[in-house]
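Colleague: fold the following.
(chains A and B)
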2 protein chains.
Amino acid sequence: MAAKATMADIARQLGISRAAVSYALNGQPGVAADTRERVLKLAVDLGWHPSASARALMGSDIKVIGLALSRPTDAFAVDSFFFEFLAGVESILGERGWSLLLRVIGDAPDIEVETYQRWWGEGRIDGVILVDERHHDERIAAVERIGLPAVLCGGPRKGVTLPCVWTDQSGDAALIVEHLAGLGHQRIAHISGPREFVHERGRQRGVRTAAARLGLAVTTIEGTYGAADARAAVDRLLAIPDPPTALIFGNDHMSVAGLKRLHELGKSVPEQVSVVSWDDSPLSRAVDPELTALFRDNQRYGRQAAETLLALISGKQPNLVRVPRSVLRERGSSGPAA
Amino acid sequence: MAAKATMADIARQLGISRAAVSYALNGQPGVAADTRERVLKLAVDLGWHPSASARALMGSDIKVIGLALSRPTDAFAVDSFFFEFLAGVESILGERGWSLLLRVIGDAPDIEVETYQRWWGEGRIDGVILVDERHHDERIAAVERIGLPAVLCGGPRKGVTLPCVWTDQSGDAALIVEHLAGLGHQRIAHISGPREFVHERGRQRGVRTAAARLGLAVTTIEGTYGAADARAAVDRLLAIPDPPTALIFGNDHMSVAGLKRLHELGKSVPEQVSVVSWDDSPLSRAVDPELTALFRDNQRYGRQAAETLLALISGKQPNLVRVPRSVLRERGSSGPAA
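Modeller: Take a look at the predicted model:
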C-alpha cells in the first residue's frame, strides 16, 4: 500500500507553505481561491486523508467502511448472495459501532473507482471492501495507488498485495461435478454467469477440470444470471443430439427458471434431467423438487471480509483468509442419469 | 421541525464566546479541555449540525442520507421487501451522486435513535429515512427534537409533522378480501406479522373491516414472519371446527412455508384451501401452484422515499406522498371455496 499523503507532501508539490495548505483544506480564510482549488484537487489526486482534522472536527473516529457496487439496481434487488454477504458485514460493523457507506451504481466500475477516491479524499471512510472482482480489475491498482485500505473478495492474484478473502471455486466445482459423476452422468452442462467476473471464470475452469478428470463431457453456456437466459439455455441444450443429462445453473434464479422450463417441455426432474444450483437460498427449497444446491455461508463470508478490513485499518497485516468450505446440499432435483 | 442549533446557541447556553465554541468544534487549540468537552456534549444534545465547517473541510456537500435498521441481520438477509426498497433508494441517490450510510442493528430501536443523533451531530448525514414504523415510535419525536430532516415511511399520523410516504393498508387488505369473497370464501384467516409494526396493525384492521363489510368471518394469528410460525398457524387453523378455506400470509416466506405445510397435510391448493401472499417476490412464482400475491412496487416506494427526503433537505416542504396502488396478481393458489 502506498504511504498516505500528508499536508507536507501537498505543500511541497505545489511549492506553497504548509499553513496555506492547512487553510485551504480546512476551509479557512487566508488563502487565494485558485490556490485553494489547486490544493483540493491535488489532495484528492494524492488520496490525502484528512484523518486528524476530520476526526477532531467530528469528535470521533470515522469508523465507516465503504462499499460501492457496480450493479444495476434491479439486479441488486433480487440477489440473495449479496444480501447475505451484506448482513454478515453489518453484523461485524454493528458489534463494533461502525457503519457502512453504500452506493449502488449501474454497471460502471470506473464510477466505482471515482466514488472510492472521493470518499477517501473527503475523509468519509477508513477503507473499502471490493466485491465482484472483474477480469483486469482497475479498482485494485486504484486503491493501491491512493493508499486506501482495501480487502479484495477474490484473489489471491499474482502482484496483488491487498488482503484477499478467497473462495475455492475449483473445490466448489469439484463438489458438484463429483456428485453428478457419482450418479452416472456422462454429459453435463454449465450455465454460468458472465465471464467478466473472475469468479465465473474460476467456476467454468473448475467445472471443466473436474469433468476432464472424471471423464465427463461439458457444454458451457454463458448467461447474465437472469431467468430468460436460463430458459434459452435449456432450449439450446435439449436441441443438441445426445443432450446433457444434468444442468448446473450459476445462481438460484437461473436454476428456478431452468427447472420451470424443463417442466414446461415435459421433462421430469430428476428422472430425465438433473438440476444443480450454484446458490442455495430460500428459492432452492420453494420449488418442487427442491434443488440440490451448493451452500456457501455468505453471511460468514461477509463477516470475514469486514473483520479482515478492520484488522487492516487497525494496522495489522491480515493473512489470506479462506471462506468456509462449501457444502453440496443434495435434494430432489438430482438423481441417477437417465 | 425544530430550528437548527447554531454555534451562537451553544455559546449563549454555556456562557462562553463564539470563538471558543468554534475552536472546540473545529478541533483547534485555544480552548481548555473541559470546555471543549462541554461544547461537544451540548452540540450533540442540541443536534448541532456542523454543516458549514464540515462541508468546507470535506470540500463538498455531505450528500449522504442515513438509514439505521432495527432488525436482526439474519432477518435482513432474506427480506425481499427491504432489498427492493433499498434498490429504489439507491437508484435515486445514484442518479444524484448521493450515498447511503447504512447500519443494521439488532432489534433495538433505542440504538437506532442514538445512531441518528450521532451521525447528525457529527455532520455525517443530511437526513434520514425512517422505515418499519413502530407502535409508539420514539424515533419520530427524537428526529423532530434535534431538527434532523426525516421522512417517515408510514403515517400519516396525528401530531406528526414529518413528511410521510404512506401505504393504504386498508385498500390493500380490501383487494385481498374482496378477491376471496368473490371466490365464495366465508371463513378466512390472516396470519400477520408482529403488531408492534404499525403497518401490521393497519393490515389486521383492514382485513377485519373488509371482511365485516362482506360478511366473512376472520381468524387472525400473529407471527414473526418466519416459516415455523406459518407452519404452526396452518396446524392450528386446520384443527378448528369449520376451518377457514382461505389463508392470507403476511409475507412471501410465510406463504411458501404455509403452502408446503398444507401439501404435507394432504390438502390440495386451491381446491381445498386457497393461499394469498401479502408479498409478491421471486418466491411467489417459484412454487407450485404459483401464489396469488399482492404486488407492491417496492422499488418505486424506495425512490419516492429518497426523492421526498432530498426535497425536504433542499428546503422544500413535501406533501404527503402515496405509494403506487398495489395490484393483486391472481395466480393458481387461490380458487373457488371448497
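
Colleague: please enumerate the helices of the stretch 1-150 of chain A.
Modeller: In the stretch 1-150 of chain A, the helices defined using DSSP state H, counting those that start in this stretch lie at A:7-14, A:18-25, A:33-45, A:51-58, A:73-77, A:80-96, A:109-121, A:138-146.

Colleague: bridging residues for residue A:103?
Modeller: residue A:68 (DSSP bridges).

Colleague: related to what we said a few turns ago, which of the helices of the stretch 1-150 of chain A has the lowest mean pLDDT?
Modeller: Mean pLDDT per stretch puts helix A:51-58 lowest among the helices of the stretch 1-150 of chain A, at a mean of 41.

Colleague: for chain A, what helix or strand is lowest in average pLDDT?
Modeller: Across the helices and strands of chain A, mean confidence by mean pLDDT, DSSP states H and E is lowest for helix A:51-58: a mean of 41.

Colleague: ok, back up a step: could I get the helices of the stretch 1-150 of chain A as CSV with mean neighbour count and distance to residue A:227?
Modeller: For the C-beta atoms, the positions are set from N, CA and C on the backbone; glycine is no exception. Output for these, formatted as CSV (neighbours: other CB atoms under 10 Å in any protein chain shown; distance: least, CB to CB, whole Å):
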stretch, mean neighbour count, distance to residue A:227
helix A:7-14, 17, 52
helix A:18-25, 20, 51
helix A:33-45, 16, 42
helix A:51-58, 18, 46
helix A:73-77, 20, 12
helix A:80-96, 22, 14
helix A:109-121, 20, 25
helix A:138-146, 19, 29
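
Colleague: out of these, nearest to residue B:121?
Modeller: Ranking the helices of the stretch 1-150 of chain A by proximity to residue B:121 (CB to CB) places helix A:51-58 first, at 8.9 Å.

Colleague: checking residue A:248 next. Helix, strand or coil?
Modeller: strand (DSSP: H, G, I helix; E, B strand; the rest coil).

Colleague: residue in the stretch 101-250 of chain A nearest to chain B?
Modeller: Among all residues of the stretch 101-250 of chain A, residue A:104 sits closest to chain B, at 3.8 Å; criterion: CB to the nearest CB.

Colleague: if I look at that residue, how far off is residue A:281?
Modeller: 20 Å (CB to CB, to the nearest Å).

Colleague: what of residue A:88?
Modeller: For residue A:88, the distance to residue A:281 - CB to CB - is 15 Å.

Colleague: where do the strands sit along chain A?
Modeller: For chain A, the strands defined by DSSP state E cover A:64-70, A:99-105, A:127-130, A:150-153, A:164-166, A:187-192, A:217-222, A:246-249, A:274-277, A:292-295, A:321-322, A:327-329.

Colleague: residue contacts, residue A:309?
Modeller: When contacts are counted by CB atoms under 8 Å, 6 or more residues apart in numbering or on different chains, residue A:309 touches A:65, A:127, A:128, A:129, A:149, A:150, A:151, A:163.

Colleague: quick check: pLDDT value at the residue nearest to the third one when sequence neighbours are not counted.
Modeller: Meaning residue A:128. Excluding the flanking residues, the one nearest residue A:128 by CB to CB, 6 or more residues apart in numbering or on different chains is residue A:66, at 4.4 Å. pLDDT, residue A:66: 96.

Colleague: is it true that residue A:66 touches residue A:131?
Modeller: No: judged on CB atoms under 8 Å, residue A:66 makes no contact with residue A:131 at a distance of 11.5 Å.

Colleague: can you list contacts of stretch A:171-179?
Modeller: For stretch A:171-179, contacts defined as CB under 8 Å, 6+ apart pick out A:188, A:202-203, A:205-207, A:209-211, A:214, A:216, A:248, A:276, A:278, A:292, A:294, A:296, A:325-328, A:330, A:334.

Colleague: ok, the residue of the stretch 101-250 of chain A closest to chain B - how many residues close by?
Modeller: When neighbours are counted by other CB atoms under 10 Å in any protein chain shown, residue A:104 registers 24.

Colleague: residues near residue A:32, how many?
Modeller: Neighbours of residue A:32 under the rule other CB under 10 Å: 12.

Colleague: kindly apply the preceding question to residue A:316 instead.
Modeller: Residue A:316, neighbours per other CB under 10 Å, totals 11.

Colleague: quick one: contacts for it?
Modeller: With CB under 8 Å, 6+ apart, residue A:316 has no contacts at all.

Colleague: then residue A:195?
Modeller: A:135, A:201, A:204, A:222.

Colleague: residues in contact with the last one?
Modeller: Residues near residue A:222 by CB under 8 Å, 6+ apart: A:191, A:192, A:193, A:194, A:195, A:200.

Colleague: got it, and the first one?
Modeller: Each residue near residue A:135 by CB under 8 Å, 6+ apart is listed here: A:195, A:196, A:197, A:198, A:201.

Colleague: quick one: residue A:156 and residue A:163 touch, right?
Modeller: No: judged on CB under 8 Å, residue A:156 makes no contact with residue A:163 at a distance of 9.3 Å.

Colleague: buried ones among the contacts of residue A:222?
Modeller: Buried subset of those (neighbour count, 16 or more other CB atoms under 10 Å in any protein chain shown): A:191, A:192, A:193, A:200.

Colleague: returning to that earlier point: with pLDDT as added columns, please give the contacts of residue A:195 in TSV.
Modeller: What follows is those, written out as TSV (pLDDT from 0 to 100):
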residue	pLDDT
A:135	90
A:201	96
A:204	98
A:222	95
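
Colleague: now the residue lying closest to residue A:153 once chain neighbours are set aside: how far from residue B:100?
Modeller: Spatial nearest neighbour of residue A:153, chain neighbours left out: residue A:131 (4.7 Å); criterion: CB to CB, 6+ apart. According to CB to CB, residue A:131 and residue B:100 sit 16 Å apart.

Colleague: and residue A:136, by the same measure?
Modeller: For residue A:136, the distance to residue B:100 - CB to CB - is 29 Å.

Colleague: neighbour count: the two, which is higher?
Modeller: Using other CB under 10 Å, the more surrounded residue of residue A:136 and residue B:100 is residue B:100, with 22 against 8.

Colleague: what's the closest non-adjacent residue to that one?
Modeller: Using CB to CB, 6+ apart, the closest residue to residue B:100 is residue A:102 (4.8 Å).

Colleague: ditto for residue A:127
Modeller: Per CB to CB, 6+ apart, closest to residue A:127 is residue A:149, 3.5 Å.

Colleague: and the one you found, how far from residue B:100?
Modeller: Distance, residue A:149 to residue B:100, by CB to CB: 21 Å.

Colleague: then residue A:152?
Modeller: Residue A:152 is 23 Å from residue B:100, where distance means CB to CB.

Colleague: residue A:322 too?
Modeller: Applying CB to CB, one obtains 30 Å for the distance of residue A:322 from residue B:100.

Colleague: check residue A:297 too.
Modeller: Distance from residue A:297 to residue B:100, by CB to CB: 26 Å.

Colleague: was I right to think residue A:336 contacts residue A:184?
Modeller: Yes: assessed by CB under 8 Å, residue A:336 is found in contact with residue A:184 at 5.5 Å.

Colleague: what sits against residue A:124?
Modeller: A:62, A:64, A:66, A:101, B:58, B:64, B:124.

Colleague: hmm, I was thinking of residue A:160
Modeller: Contacts of residue A:160 by CB under 8 Å, 6+ apart are A:140, A:152.

Colleague: torsion angles phi and psi at it?
Modeller: Phi and psi for residue A:160, reported as degrees, to the nearest 10, are phi -100, psi 120.

Colleague: look at it and report its pLDDT.
Modeller: So, for residue A:160, pLDDT stands at 85.

Colleague: cool, and the one 3 residues further on?
Modeller: At residue A:163 the predicted local confidence, pLDDT, stands at 95.

Colleague: over to the one 10 residues further on?
Modeller: The per-residue pLDDT reported for residue A:173 equals 98.

Colleague: find the nearest non-adjacent residue to it, please.
Modeller: Once flanking residues are discounted, residue A:173 sits nearest to residue A:206: 2.8 Å by CB to CB, 6+ apart.

Colleague: list the contacts for the closest residue to the residue of the stretch 101-250 of chain A closest to chain B other than its chain neighbours?
Modeller: Leaving aside its chain neighbours, residue A:104 sits nearest to residue B:90 (3.8 Å; criterion: CB to CB, 6+ apart). Shown in contact with residue B:90 (CB under 8 Å, 6+ apart): A:73, A:76, A:102, A:103, A:104, B:100, B:302.
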